[in-house]
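Peer 1: Provide a 3D model corresponding to the input given below.
(one chain, ligands or ions: 1)
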Amino acid sequence: MDNDATLLLDLDGVSVHRVELLEDGRRRVHLTTADSSARACPACGVFATRSKGRALTRPRDLPYGERALEFFWHKRRWWCGEPACPRKSFTESLPQIPAGARITERLRAAAGRRVRDAGSTVIQAARDLHLSWSTVMASFTVQAREVTGAPLPEVRVLGIDETRRGRTEVGTGCRNREVATGA
Ligand SMILES: [Zn+2]
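Peer 2: Numbering: from 1, shown residues only. Predicted coordinates:
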């Protein structure tokens, strides 16, 4: 269901079913599953066809405007149809909202990027995004590894800045001493 609200939210795998305005001004967004891969069994990968009922997940997402949105993801439980699979049943899961996750992956990633790229402290990012210190720190650790673990770009042209020219003062001093001893 690609309605305007879904386009506005731009969260992969879910559709906006409706948006509810609560008395205190918060907006509650009811989400349904849009990506059929959410019903692939996490153990064997077979797509389930027999529903086991419904489940409700309330993941937190990035802030929108002045007030945060409240998510209600109405998802399904499924029976795995693969007889040999050790997993009998499971609830729907998406890369952006993994099973059991209390925040969306894009919120988690944004927290780490604030520290890595925007110079925020972990405490400040945690306050801004209403997350725990440990959540922000864990995200930052993962994102920092993307930088430090990335291979260095291949050197095509070695400029003059990268070479050392002449001898150092220490080297010169030694040579002079050797000359003096030999004389
Ligand atoms: Zn399975």
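Peer 1: Check whether V14 really touches W73, as I assumed.
Peer 2: Yes: using CB atoms under 8 Å, V14 is in contact with W73, at 6.4 Å. C-beta: built from backbone N, CA, C; applies to glycine.
Peer 1: More neighbours: which of the two?
Peer 2: V14 (27 against 22; other CB atoms under 10 Å).
Peer 1: re earlier: overlap in contacts, V14 and W73.
Peer 2: Common neighbours of V14 and W73, using CB atoms under 8 Å, 6 or more residues apart in numbering, are 31-33, 97.
Peer 1: For these, pick the one with the most neighbours.
Peer 2: I97 (27 neighbours).
Peer 1: Now that one: closest residue in space that isn't a chain neighbour?
Peer 2: P59 (5.1 Å; CB to CB, 6 or more residues apart in numbering).
Peer 1: likewise L22?
Peer 2: R28 (5.9 Å).
Peer 1: tell me which residues in stretch 46-54 are buried?
Peer 2: Neighbour counts over stretch 46-54 (16 or more other CB atoms under 10 Å) mark A48 as buried.
Peer 1: Mind listing residues that contact that stretch?
Peer 2: Contacts to stretch 46-54, defined as CB under 8 Å, 6+ apart, come from residues 36-37, 39-41, 74-82, 85, 89-90.
Peer 1: try 10 Å this time
Peer 2: Residues from elsewhere that reach stretch 46-54, judged by CB atoms under 10 Å, 6 or more residues apart in numbering: 36-41, 74-82, 84-85, 87-92.
Peer 1: ok, of these, which come out buried?
Peer 2: Buried members of the contacts of stretch 46-54, scored by 16+ other CB under 10 Å, are 38-41, 75-76, 78, 80, 85, 90-92.
Peer 1: did I read that right, K52 in a helix?
Peer 2: No: under DSSP: H, G, I helix; E, B strand; the rest coil, K52 sits outside any helix and is assigned strand.
Peer 1: how close does it get to A84?
Peer 2: For K52, the distance to A84 (CB to CB, to the nearest Å) stands at 19 Å.
Peer 1: Also A101?
Peer 2: Distance from A101 to A84, by CB to CB: 28 Å.
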